[in-house]
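Participant: Kindly generate the corresponding structure for this input.
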Amino acid sequence: MLMKLTLRDIRATLSFRTFLIWTAMAGMAVFFFFTSAGRIELVKEDEVKFMTLFLPQIIFGAWAVLSVYFDLVSSDREHNVLDCILCSGVTKKQVFTAKIIATAVVSLLLSFVYLFPITVVIVLLSSFSNAILLIRYLLPLWSYIMVFAAMGVSISVLARSSKAALIWSLALGLILMPRFFIIIVEGLGSVFHWSQAIKNGVSMIAPGALMYALSNSESTASLLNAIAYFLAGILIFFAVSYLAFRRQDEYNYGE
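Facilitator: Sure thing, here's the model as predicted:
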């Protein structure tokens, strides 16, 4: 039963909407690479910088990820599908576990979808040795997507309806845009007299900053710190989601 639920959730998240958005994201990565200094740096210096690969993610990534997961639970609830599943003897724990597994699998697939086209372009312009980019950035990008995915699942549970979840997702996507979030942190730091170390730590809440830290760690300590933030982020979001989901009354909620 767990496998059937997981496959069902994977099919639900891999919708035409998801395919369209993430194909566009991959296309923008290639477009920005050619229209920025990325192609010139690659040809002249055989170097590929983080921002030339992930500028579309930094700008639109939050909304792109949340668009996949914001209705993962609320959609089932609104269409009474969740009622039917629970009435068949399946527990809420099984339902939620299936959604976590589906989220992890789909997030990894989305990471590959985004990185594969730009990696092919870089290999064609330079050498096959640069194919390692797909390996180097795959897990950091997956981590970045997973944080937003866990956030999307939380929104889907707490907001209860897909309309409300969509509004929450748009607002949080804007707030957690790295450049904007850093401005917020700097403002709060000035008001509360935070040290630079505290500001740097709070800035890591933004998944974009987390992905950069995982991709460009200067030492083992900084890498472990980034991994700790990643694990804390997804565990907190999934824990809050599950506790709320377990306590919610599902029956007769459909609209």
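Participant: Neighbours of the residue lying closest to D76 once chain neighbours are set aside, how many?
Facilitator: Spatial nearest neighbour of D76, chain neighbours left out: L82 (4.2 Å); criterion: C-beta to C-beta, 6 or more residues apart in numbering. Backbone N, C-alpha and C define where each C-beta goes, glycine included. By the measure other C-beta atoms under 10 Å, the count of residues near L82 is 23.
Participant: Run through the stretch 1-150 of the chain and note the low-pLDDT ranges.
Facilitator: Along the stretch 1-150 of the chain, segments meeting pLDDT under 70 span 43, 46, 129.
Participant: What residues of stretch 16-31 count as buried?
Facilitator: T18, I21, W22, M25, A26, M28, A29, V30 (16 or more other C-beta atoms under 10 Å).
Participant: Can you give me every residue that contacts the first one?
Facilitator: The one in question is T18. Contacts for T18 (C-beta atoms under 8 Å, 6 or more residues apart in numbering) come out as S67, V68, V106, L110.
Participant: Reduced to three states, what does it come out as?
Facilitator: At T18, secondary structure determined by DSSP: H, G, I helix; E, B strand; the rest coil is helix.
Participant: I183 and L170, how far apart?
Facilitator: I183 sits 19 Å away from L170, taking C-beta to C-beta, to the nearest Å as the criterion.
Participant: what about these two, which has more around it?
Facilitator: Shown here are I183 and L170; by other C-beta under 10 Å, L170 has more neighbours (15 against 11).
Participant: Which residue comes closest to the more buried one once chain neighbours are left out?
Facilitator: W63 (6.9 Å).
Participant: My understanding was that that neighbour contacts A171; is that so?
Facilitator: No - if you go by C-beta atoms under 8 Å, W63 and A171 don't touch, sitting 10.6 Å apart.
Participant: So if I had to pick from these two, which one is more boxed in?
Facilitator: W63 (17 against 11).
Participant: Which secondary structure element is home to the more buried one?
Facilitator: In the assignment (DSSP states H and E), W63 maps to helix 50-69.
Participant: show me what contacts I184?
Facilitator: Per C-beta under 8 Å, 6+ apart, neighbours of I184: I175.
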